[in-house]
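Asker: Test case, fold it:
(one chain, ligands or ions: 1)
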Amino acid sequence: MPDRYAVIGHPIAHSQSPLIHGLFAQATAQDMTYEAIDGGAEPGGFERAVQAFRAAGGRGMNVTLPFKLAALQMANEATDNARLAGAANTLRLDGGRIEAHNTDGIGLVRDIERTVGVPLRGRRVLLVGAGGATRGVLLPLARAGAARIAIANRTADKARALARELAPHLDGVAIDGGGLDALAAGDAFDVVINATSASLSGQAPAVPATAFAPGALAYDMVYGKGLTPFLAQAQAAGCAHVADGVGMLIEQAAEAFAWWRGVRPDTRAVRARLTVPLA
Ligand code: ATR
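Answerer: Model (predicted):
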């Protein structure tokens with residue numbers, strides 16, 4: 001019997017995870033299946049679906065919106081990545097136990113360093129946005145050796161609160177938070193990451209041109225949308241190096257796959273399949 005894995009979310013039809021993990025399984029010759037499960041909108045539906053999958057012999061799950069917080073809460077154990085993110089995107093089902101992990105930030109760091117080709121050690125990193133997407137990547141960015149992390153958000157207080165809360169847990173990396181408007185007067189960054197949901201509604205957060213240091217990388221966590229307003233804005237500011245989040249999507253999946261199976265898949269074939277030109 002092949003081992004069973006699944007992605008759970010609501011809605012779930014749009015998920016690329018079955019395609020990605022199917023290709024990984026094929027390429028690494030793992031005897032496994034991977035399906036998509038809709039956790040539904042009813043209270044308790046997510047937890048029931050996870051327990052039913054586990055009881056049926058399921059070995060692991062990817063978790064997407066809106067269940068990432070609930071996934072962490074129902075776990076018996078969690079990695080520090082999941083705990084600091086306050087959310088889990090990956091579960092390992094080990095007999096009666098549920099272990100939670102979050103591979104989003106590790107995926108982002110791997111994509112920036114290995115695929116885009118920008119080492120993060122010593123770099124000044126600006127994260128735009130102060131929601132779950134930002135929280136989920138702070139620890140791996142710090143562990144990659146960023147010299148400094150700044151969080152800038154439309155609502156300044158949320159950025160300040162997030163920076164204050166996470167500061168003691170980031171291995172001594174300097175972190176500060178504030179409003180997008182405060183950036184106008186301020187510093188330049190080597191890596192500017194859009195972690196807001198603005199691109200999903202065709203908007204760009206108001207990042208001033210001065211925030212992009214010469215040679216900076218502009219990275220949008222969304223994928224499949226071509227050149228987003230944020231990336232276009234970065235180009236207009238003179239930023240030649242832009243990337244979207246397709247690589248993050250693929251690398252977070254590879255990290256989950258490796259955590260489950262102990263085998264790291266080559267991500268190049270999947271990337272060639274999912275990449276959309278940034279134009
Ligand atoms: P996620 O979990 O994806 O991070 P979230 O917690 O709802 O989602 O956070 C969305 C983030 O995008 C917030 O930082 C939000 O800014 P506010 O805190 O000021 O609401 C930001 N955001 C969404 N639309 C935006 C826009 N048009 N311009 C700037 N920031 C935007």
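Asker: Test my guess that Leu274 contacts Ile250.
Answerer: Yes - look at Leu274 against Ile250 with Cβ atoms under 8 Å: they come within range, at 6.7 Å. Any C-beta I mention is one placed from the backbone N, CA and C, and that applies to glycine too.
Asker: what's the overlap in contacts for these two?
Answerer: Ile20 (Cβ atoms under 8 Å, 6 or more residues apart in numbering).
Asker: okay, the two: which has more neighbours?
Answerer: The residue with more neighbours, out of Leu274 and Ile250, is Ile250; 27 against 18, by other Cβ atoms under 10 Å.
Asker: Now do the phi/psi pair for that one.
Answerer: phi -70, psi -40 (degrees, to the nearest 10).
Asker: I'd like to know how many residues surround Pro119.
Answerer: Residues lying near Pro119 (other Cβ under 10 Å) number 11.
Asker: Bridged to Arg92, which residues?
Answerer: Arg92 has these beta-bridge partners by DSSP bridges: Gly60, Glu99.
Asker: Okay, now the unreliable bits of this structure?
Answerer: Scanning the chain for pLDDT under 70 picks out no residues.
Asker: quick one: contacts for the residue nearest the centre of it?
Answerer: Central residue of the chain (Cα atoms, centre = their mean): Asp104, 3.1 Å from the mean position. Asp104 makes contact with 85, 89, 133, 136-137, 248, 252, according to Cβ under 8 Å, 6+ apart.
Asker: From the residues you listed, list the ones also adjacent to the ligand.
Answerer: Ala133 (Cβ under 6 Å from any ligand atom).
Asker: Next up, the contacts around the closest residue to the residue nearest to the centre of the chain other than its chain neighbours.
Answerer: Spatially, and ignoring its direct neighbours in sequence, Asp104 is nearest to Gly136 (4.6 Å; Cβ to Cβ, 6 or more residues apart in numbering). Each residue near Gly136 by Cβ under 8 Å, 6+ apart is listed here: 85, 87, 89, 102, 104-105.
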